[in-house]
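Asker: Could you work out the structure for the sequence below:
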Amino acid sequence: MQNTDRHHRSGRLAAALLVAHLVLLLAACARMGSPDGGWYDDTPPRVVGSVPLDRSTNVRARKIAIYFNEFIKLQDAQNKVIISPPQLEQPEIKDGGKRILVELKDSLKDNTTYTIDFGDAIVDNNEGNPMGNYAYSFSTGAQIDTFQVSGYVLNAEDLEPIKGILVGLYDDLSDTVFRHKPMIRISRTDGSGHFTVKGVAPGKYRAYALMDADGDFVYNQKSEQLAFSHATFEPSWKPDTRQDTIWRDSLHIDNIVRVPYTHFLPDDITLMAFTAVQTDRYLLKNERKEPERLDFYFSYGNAELPVIRGLNFEADSAFVLEASERQDTLLYWLCDTALVNQDTLRMEVQYLMTDTAGVLFNKTDTLELLPKMSYEKRLKEQAKEHEKWQKEQDKKKKRGEPYDSVMAVKPLEVKVNAPSALAPDQRIWLESPTPIESVDTAGIHLYSMIDSTWYEAPFTFRQSAANIRRYEFDVDWREGVEYSLEIDSAAFRSIYGLESKHIKQGIKVRTSDDFCTLSVTVSGVSDTAKVVVQLLSAQGSPVKVSRAVNHVADFFYVTPGKYYMRAFIDFNGNGKWDTGDYDSNLQAEPVYYYTKETECKEKWDIDLKWNLTETPRFRQKPAEITKQKADKQAQLRNRNAQRAKELGIKMIEEKTGVKL
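Answerer: Modelled structure (predicted):
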């Protein structure tokens with residue numbers, strides 16, 4: 001009996017498999033969509049004709065019509081459709097029904113190949129099936145130019161791919177052409193920073209990139225990101241083969257085949273884009289966010305500081321100036337509390353500003369600065385706070401508990417950056433919320449415990465050069481030793497008379513056994529190159545910096561973890577990466593990334609060899625820390641396979657009575 005049941009079940013399953021096979025055959029043949037849940041249309045649109053014909057010569061018409069075998073639409077045409085030569089007047093591009101209409105507004109140039117590159121912007125109207133990369137071309141002369149050149153545009157500072165930047169070619173090889181002539185052929189980068197310029201004629205070229213702010217295809221604003229190169233190239237081609245992947249559906253590969261194709265060269269042009277230093281100086285904004293401070297923000301710093309003349313107050317000796325390192329942010333702290341309490345401060349401010357020719361001149365503004373919270377409102381807030389305090393003291397008095405009769409003045413809250421456990425090469429510092437009037441260095445103590453006894457530990461203490469409110473300690477920390485930082489009350493006194501409270505912070509210095517040591521030997525650049533190597537966190541942020549000495553960069557006391565590395569050539573020796581300048585024929589300082597992740601563990605000593613130029617720069621930055629991700633490729637969804645599977649299962653269940 002059991003054998004008979006098994007025989008019947010086997011027969012039903014065999015029949016089911018046959019039915020499923022027939023359903024799949026039907027799915028392969030069916031392509032018509034229907035509103036009742038029938039088969040999907042998975043076939044991409046195709047071109048059936050155009051006026052003028054694609055690749056026509058001696059064309060003078062500026063209106064083009066491209067016809068398709070089904071209803072289509074354009075997706076994101078403004079960004080995806082690229083026309084070469086570039087059009088100064090925006091062309092008109094329309095989709096409607098089974099055609100695309102393009103009308104060029106610029107006059108046509110003689111003996112020139114025109115290319116309208118639609119990329120993957122064309123999809124069918126119903127299902128959104130992508131047509132794939134498509135370009136239409138014609139020539140106003142007797143021949144069509146068919147060469148292509150391609151490559152990448154990267155951010156010069158961090159090798160991030162730049163998406164959407166314009167890339168163009170010049171056959172004029174002068175060093176100033178980018179300032180006065182539009183590009184002759186253009187493309188735009190995708191999410192990988194990749195570009196392809198099509199319809200290129202034989203000849204010698206240079207490539208440029210521009211984040212074009214005003215649509216004139218010329219570099220004329222310092223705020224425009226750009227890339228330039230004096231390297232020249234001549235387009236060429238060779239026969240080649242490549243692997244094409246045939247997808248069964250969005251997850252499964254059906255086959256990989258080798259396909260012959262025309263390989264256009266060069267295909268590895270790499271442009272490093274940067275934004276020049278903004279030397280145009282103007283006042284961005286001014287405000288009085290806090291009642292005790294006037295804030296001025298400039299587009300660019302200058303050693304010659306503004307001159308302030310008070311109109312309803314005496315400005316001489318009224319301020320303590322806190323300036324940023326580049327002197328583009330200036331914070332004026334009011335010394336006199338009477339001025340702090342004065343709601344309206346009117347003044348004339350004279351400062352240097354650049355005119356339309358880029359020349360500095362003295363500009364005078366009359367300003368009226370008010371705090372966000374008026375003095376009256378601040379007094380009310382203080383009164384509420386005092387009332388709350390008084391109620392608490394009255395309750396204590398009724399309960400017979402100790403209480404205060406005078407509300408204590410709030411102390412100066414000095415921030416202490418001294419972790420309880422630190423590395424032997426780590427610095428500690430203090431920062432005040434307002435400028436300091438005086439420091440009693442005799443009230444600052446550092447003790448170390450040796451053989452269970454506390455001893456005075458030597459240190460140096462100084463005001464930071466970059467921040468007048470910060471004070472730094474230099475200590476020769478001893479590994480494994482416990483320290484105590486103790487600061488007496490009133491050691492710091494602010495310009496408003498507030499005094500700091502007593503501070504005590506325990507510190508334990510970790511030992512070398514808690515860390516990793518990393519030594520990096522760099523090569524691939526000249527022996528005289530000044531190489532700075534940065535150790536980056538798992539998020540790509542610098543955590544340690546080392547200048548290579550004899551091409552060796554050492555990192556001591558590296559906290560165990562996973563890291564990446566970046567290096568740059570420090571041309572001017574200032575220890576910082578510097579951008580470029582087109583007018584000065586100056587490229588940004590070259591940046592390189594180590595292609596692999598580096599893992600550091602406790603007690604490890606790691607020696608790495610790094611050839612900075614061995615890998616092309618467009619392949620250097622690890623994907624894990626690359627923020628600009630590649631565009632998702634549009635693919636046919638092949639939903640009929642899934643529908644066939646669903647119908648097959650349903651039919652099997654109906655025919656066999658077996659629930660699958």
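Asker: Can you give me the neighbour number for D631?
Answerer: 12 (other Cβ atoms under 10 Å). Heads up, the C-betas are built off the backbone N, CA and C, glycines and all.
Asker: my guess is it meets S192, correct?
Answerer: Yes - the pair D631 and S192 passes the contact test of Cβ atoms under 8 Å, sitting 7.2 Å apart.
Asker: residue ranges of the strands in the stretch 451-600 of the chain, please?
Answerer: Under the criterion DSSP state E, counting those that start in this stretch, the stretch 451-600 of the chain contains strands at 453-456, 460-463, 470-474, 482-487, 492-494, 503-509, 516-523, 531-536, 542-547, 552-558, 561-569, 591-593, 598-600.
Asker: any chance of these in a markdown table, with mean neighbour count, distance to G443 and mean pLDDT too?
Answerer: Converted to a markdown table, the strands of the stretch 451-600 of the chain look like this (neighbours: other Cβ atoms under 10 Å; distance: least, Cβ to Cβ, whole Å; pLDDT from 0 to 100):
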| stretch | mean neighbour count | distance to G443 | mean pLDDT |
| --- | --- | --- | --- |
| strand 453-456 | 10 | 13 | 96 |
| strand 460-463 | 12 | 11 | 95 |
| strand 470-474 | 17 | 13 | 97 |
| strand 482-487 | 18 | 6 | 97 |
| strand 492-494 | 21 | 9 | 97 |
| strand 503-509 | 16 | 10 | 96 |
| strand 516-523 | 18 | 38 | 98 |
| strand 531-536 | 22 | 37 | 98 |
| strand 542-547 | 15 | 33 | 97 |
| strand 552-558 | 18 | 31 | 97 |
| strand 561-569 | 19 | 38 | 98 |
| strand 591-593 | 24 | 46 | 98 |
| strand 598-600 | 16 | 40 | 96 |
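Asker: K415: which of those is closest?
Answerer: strand 470-474 (9.1 Å; Cβ to Cβ).
Asker: Which stretches in the chain count as helices?
Answerer: With DSSP state H as the criterion, the chain has helices at 2-29, 77-80, 177-180, 337-340, 375-398, 639-656.
Asker: hmm, who's touching the second one?
Answerer: For helix 77-80, the external contacting residues (Cβ atoms under 8 Å, 6 or more residues apart in numbering) are L74, I93, D95, F118, G119, D120, A121, G164, R188.
Asker: One more: the fifth one?
Answerer: Among residues not part of helix 375-398, those counted as contacts by Cβ under 8 Å, 6+ apart are P291, N341, Q342, D343, M373, P402, Y403, D404, S405, M407.
Asker: can you dump the C-alpha coordinates of that helix into PDB?
Answerer: Taking Å, rounded to 0.1, in the frame of the first residue of the first chain, the C-alpha atoms of helix 375-398 are listed here in PDB:
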ATOM      1  CA  TYR A 375      19.200  92.900  28.900                       C
ATOM      2  CA  GLU A 376      15.700  93.300  30.300                       C
ATOM      3  CA  LYS A 377      14.900  89.700  29.500                       C
ATOM      4  CA  ARG A 378      18.200  88.500  30.900                       C
ATOM      5  CA  LEU A 379      17.400  90.300  34.200                       C
ATOM      6  CA  LYS A 380      14.000  88.600  34.300                       C
ATOM      7  CA  GLU A 381      15.700  85.200  33.800                       C
ATOM      8  CA  GLN A 382      18.200  85.900  36.600                       C
ATOM      9  CA  ALA A 383      15.300  87.000  38.800                       C
ATOM     10  CA  LYS A 384      13.500  83.700  38.200                       C
ATOM     11  CA  GLU A 385      16.600  81.800  39.000                       C
ATOM     12  CA  HIS A 386      17.200  83.800  42.200                       C
ATOM     13  CA  GLU A 387      13.500  83.200  43.200                       C
ATOM     14  CA  LYS A 388      13.900  79.500  42.800                       C
ATOM     15  CA  TRP A 389      17.100  79.500  44.800                       C
ATOM     16  CA  GLN A 390      15.400  81.500  47.600                       C
ATOM     17  CA  LYS A 391      12.500  79.100  47.900                       C
ATOM     18  CA  GLU A 392      15.000  76.200  48.300                       C
ATOM     19  CA  GLN A 393      16.900  78.100  51.100                       C
ATOM     20  CA  ASP A 394      13.600  79.000  52.800                       C
ATOM     21  CA  LYS A 395      12.600  75.300  52.900                       C
ATOM     22  CA  LYS A 396      16.000  74.400  54.400                       C
ATOM     23  CA  LYS A 397      15.600  77.100  57.000                       C
ATOM     24  CA  LYS A 398      12.100  75.800  58.100                       C
END
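Asker: so how far is T460 from Y471?
Answerer: 11 Å (Cβ to Cβ, to the nearest Å).
Asker: and what of Y564?
Answerer: Y564 is 34 Å from T460, by Cβ to Cβ.
Asker: what about the protein, any weak spots by pLDDT?
Answerer: 1-42, 249-251, 633-660 (pLDDT under 70).
Asker: one step back: quick one: the contacts of helix 77-80 as a markdown table, columns for neighbour count too.
Answerer: As requested, these are exported to a markdown table (neighbours: other Cβ atoms under 10 Å):
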| residue | neighbour count |
| --- | --- |
| L74 | 17 |
| I93 | 19 |
| D95 | 20 |
| F118 | 22 |
| G119 | 23 |
| D120 | 17 |
| A121 | 25 |
| G164 | 12 |
| R188 | 21 |
